[in-house]
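J.: I need the structure of the sequence given here:
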Amino acid sequence: MIDILTRADGITFDEAIADGECFELEGRRIPVIGLSALLKNKRAAGRAQDIADLEALDRKYGAPPMRK
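T.: Predicted structure coming up:
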């Protein structure tokens, strides 16, 4: 699944791309959020789906647990 964000809770655009990557699609560079910024964003949003995403990321990458 791909989510296209126009804003993100708890992070700036610069933070989002600082440890991210870019890929090219039809001649356009598309930035992809870095893991640390994604975790920060998910924690800030705090919705049920974000918490589930954090748990899944923790299982896959050993991400730090969600702080309250």
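
J.: how about residue 54, secondary structure?
T.: On the three-state scheme (DSSP: H, G, I helix; E, B strand; the rest coil), residue 54 is labelled helix.

J.: could you give the number of residues near it?
T.: Neighbour count of residue 54, defined by other Cβ atoms under 10 Å: 20. Where you see a C-beta, it was placed from the backbone N, CA and C, and this is true even at glycine.

J.: can you check residue 56 too?
T.: So residue 56, with other Cβ under 10 Å, has 11 neighbours.

J.: need the pLDDT of it.
T.: Predicted confidence (pLDDT) for residue 56: 93.

J.: what of residue 66?
T.: 52.

J.: do the same with residue 8
T.: 88.

J.: likewise for residue 35?
T.: At residue 35, pLDDT is 89.

J.: also residue 20?
T.: 91.
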